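In: any chance you could fold what I've pasted below:
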Amino acid sequence: MLQENGLEAVPLLADGNLVDGAWGSDRPSLPLTPLRVHEARWAGKTIKDKLVEVRQALAVAHADCFLATTLDEVAWLYNLRGNDVPYNPVFVSYALVSMTDAVLYTNPAKVPPPVADHLKEGGVIVRPYDSLVPDVRSKASGKAIIAMDFSKVSYAVYQAAEEAAAAGPRGRKRTAADAVVASNGTQQQKHAVVDLSSPVVNAKALKNSAELEGMREAHLRDAVAICDFLEWLGDKIGSGGTLTEVEVDLELTGRRQQQQGFNEPSFPTIAGANSNGAIIHYRPQEGSCKTVDGNTLLLIDSGGQYDCGTTDITRTFHFGNPTAHQKRCYTRVLQGHIALSQAIFPEGTPGSAIDALARLPLWSDGLNYRHGTGHGVGAALNVHEGPQSISTRYWITTPLQVGMICSNEPGYYEDGGFGIRIENLLVIQEADTKFRFGGSTFMAFEDLTLVPIQTKMIDPALLTPAEEQWLDDYHRKVREAVSPRLAGKPAVLEWLKRHTAPVREQLAATGIAAATKAAVAVPVA
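Out: So this is what the prediction gives:
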């Protein structure tokens, strides 16, 4: 399009990086926090195992080496974690893997002896971060073909490889002997760089059994912290107390910090009271945040980074008497959450094909939400990861596969009013279906999140018997899994038992009569 209009894109690299120039001397230095080994019990695969997979992809691509440029890919590939980026256990780095060696580019001062030993055992060499570009030039000038994901690599690295390849060894200009012959018989200059969708992305998304065990353990630890917090919060508000949204965050995070292996939150906590809950990525700040009291509708979206896994959960609560409209909206959100959780779908299905399941109950009332329904989640890594997505982004065609973890988070938001969201993390597993049409494997979801869903906000006249049964079954699962870990917290254990009782018992206890007539299911048009 540019050429058609007489325009040309010119890279502004000759005079240096413009962003670096803008920073000047004010640019902070790179972090020096030491790296740590991600334990084999939670990683499930050794570095050597993972390098074999990358090299197999290299062979298929007819390339000599692969450059991993995103921080979570490097961390996963070398079974390392760091603290260079808030809320994400990654570190500033690159990885370059060839058929014969593997290199980690980072500051050597960040590599303590246990990490050095771990990398040596995996066959990984550590080189300074600033050595990447010179090493890329060296390989390219030596006729090596470097595979990299063009959607993730910086132009500076790409250009360094292409310029070195054009110059050839020791600056020699490439000649016809360096060209490749195309299928039509013409000679073409051989490029040093080939575009390759990162083989690490899919491997990282398909959790192995050890990674899944770690994620389940992380959610159990998280459940203890959240139940402890919710029992305390209910007592405080119930006794006439108040607290700010910031204090909600501090109290919840403080309880997570008491759990084994907790490192940091997995993202800034969203604690939105009333109208602030309608701001999807709201973050409370001292001096401007709202107060939570007995009349508050509160949305809390939070998560934790543990040594074994990553969590992300949203619950919505009312501490007083919700309006009929709020209860209707909440129930529609819950119905969408249940519908997606119960979904069974054939292999090859992208997330966009099932996104509507979470929206149908809201659509039946003319309601909707303006965000995706589900994102991928890393195992003791970034809380948002691809390549999968459950959303209306129909151009993301990556099929959902066994071992992937996705969030399930439908919601509803009224500007200036309130926000509602219910979120669990799900792992995809093979479904036990009666038939296998066309020999296809069918898949289903398993809930990883183990925290009660508030029933006070439910309009029982809208729930179908099947939906009520799902909620009772989910709460039974929560109670059975979490209760043993609350043996030393009798008040929290009693709270858990009350809030995982059958729906009708909970509604009766709050004075809400359950519907006596069967609700009509939302039709699928």
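In: show me where the stretch 1-150 of the chain has strands.
Out: Using DSSP state E, counting those that start in this stretch, the strands of the stretch 1-150 of the chain run over residues 36-37, 65-68, 80-81, 94-98, 102-105, 124-127, 146-148.
In: now distance to Glu217, mean neighbour count and mean pLDDT too, for the ones you listed, in JSON lines please.
Out: Using the backbone N, CA and C atoms, a C-beta is placed for each residue, glycine as well. As requested, the strands of the stretch 1-150 of the chain are arranged in JSON lines below (distance: least, Cβ to Cβ, whole Å; neighbours: other Cβ atoms under 10 Å; pLDDT from 0 to 100):
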{"stretch": "strand 36-37", "distance to Glu217": "18", "mean neighbour count": "17", "mean pLDDT": "98"}
{"stretch": "strand 65-68", "distance to Glu217": "27", "mean neighbour count": "26", "mean pLDDT": "97"}
{"stretch": "strand 80-81", "distance to Glu217": "16", "mean neighbour count": "24", "mean pLDDT": "98"}
{"stretch": "strand 94-98", "distance to Glu217": "27", "mean neighbour count": "23", "mean pLDDT": "97"}
{"stretch": "strand 102-105", "distance to Glu217": "28", "mean neighbour count": "23", "mean pLDDT": "98"}
{"stretch": "strand 124-127", "distance to Glu217": "27", "mean neighbour count": "17", "mean pLDDT": "98"}
{"stretch": "strand 146-148", "distance to Glu217": "35", "mean neighbour count": "24", "mean pLDDT": "95"}
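In: switch these over to TSV; also include distance to Val115.
Out: As requested, those are exported to TSV (distance: least, Cβ to Cβ, whole Å):
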stretch	distance to Val115
strand 36-37	6
strand 65-68	18
strand 80-81	7
strand 94-98	14
strand 102-105	10
strand 124-127	9
strand 146-148	25
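In: Glu163 belongs to a helix?
Out: Yes - using DSSP: H, G, I helix; E, B strand; the rest coil, the assignment for Glu163 is a helix.
In: in stretch 426-439, what's buried?
Out: Across stretch 426-439, burial judged by 16 or more other Cβ atoms under 10 Å covers Leu426, Val427, Ile428, Ala431.
In: what mean pLDDT does it have?
Out: The average pLDDT within stretch 426-439 is 94.
In: what distance separates the start and the end of it?
Out: 25 Å (Cα to Cα, to the nearest Å).
In: tell me how far that stretch lies from the chain's centre.
Out: The chain centre lies 24 Å from the centre of stretch 426-439; the measure is Cα atoms, centre = their mean, to the nearest Å.
In: before we move on, what about stretch 448-466?
Out: 25 Å.
In: again with stretch 462-481
Out: 26 Å.
In: ok, and what's touching it?
Out: Applying Cβ atoms under 8 Å, 6 or more residues apart in numbering, the contact partners of stretch 462-481 are 220, 223, 328, 331-332, 334-335, 338, 341-342, 447, 450-453, 455, 460, 496-497, 499-504, 515, 518-521.
In: let's see that with 7 Å instead.
Out: If you take Cβ atoms under 7 Å, 6 or more residues apart in numbering as the criterion, stretch 462-481 is touched by 220, 328, 331, 335, 338, 342, 447, 450-453, 496-497, 500, 502-503, 518-519, 521.
In: cool, and stretch 75-83?
Out: Residues contacting stretch 75-83 (Cβ under 7 Å, 6+ apart): 33, 35-38, 43, 47, 50, 68, 89-91, 95, 104, 115, 119, 122, 124, 200, 204, 380-381.
In: for Glu231, what are its contacts?
Out: Ala491, Val492, Trp495 are the contacts of Glu231 under Cβ under 7 Å, 6+ apart.
In: can you pull out the strands in the stretch 251-400 of the chain?
Out: Going by DSSP E, counting those that start in this stretch, the stretch 251-400 of the chain shows strands at 262-265, 270-273, 291-292, 297-302, 304-306, 313-318, 344-346, 374-376, 385-390.
In: adding mean neighbour count and distance to Ser483, write these out as CSV.
Out: Output for the strands of the stretch 251-400 of the chain, formatted as CSV (neighbours: other Cβ atoms under 10 Å; distance: least, Cβ to Cβ, whole Å):
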stretch, mean neighbour count, distance to Ser483
strand 262-265, 18, 21
strand 270-273, 27, 27
strand 291-292, 19, 28
strand 297-302, 25, 22
strand 304-306, 28, 20
strand 313-318, 22, 18
strand 344-346, 16, 29
strand 374-376, 23, 28
strand 385-390, 21, 31
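In: can you redo these as TSV, where the extra columns are distance to Glu409 and mean pLDDT?
Out: Output for these, formatted as TSV (distance: least, Cβ to Cβ, whole Å; pLDDT from 0 to 100):
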stretch	distance to Glu409	mean pLDDT
strand 262-265	17	98
strand 270-273	12	96
strand 291-292	21	95
strand 297-302	8	98
strand 304-306	17	98
strand 313-318	6	97
strand 344-346	18	97
strand 374-376	7	98
strand 385-390	9	96
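In: now those as JSON lines including distance to Leu233?
Out: Shown next, in JSON lines, are these (distance: least, Cβ to Cβ, whole Å):
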{"stretch": "strand 262-265", "distance to Leu233": "17"}
{"stretch": "strand 270-273", "distance to Leu233": "11"}
{"stretch": "strand 291-292", "distance to Leu233": "8"}
{"stretch": "strand 297-302", "distance to Leu233": "9"}
{"stretch": "strand 304-306", "distance to Leu233": "17"}
{"stretch": "strand 313-318", "distance to Leu233": "8"}
{"stretch": "strand 344-346", "distance to Leu233": "36"}
{"stretch": "strand 374-376", "distance to Leu233": "27"}
{"stretch": "strand 385-390", "distance to Leu233": "30"}
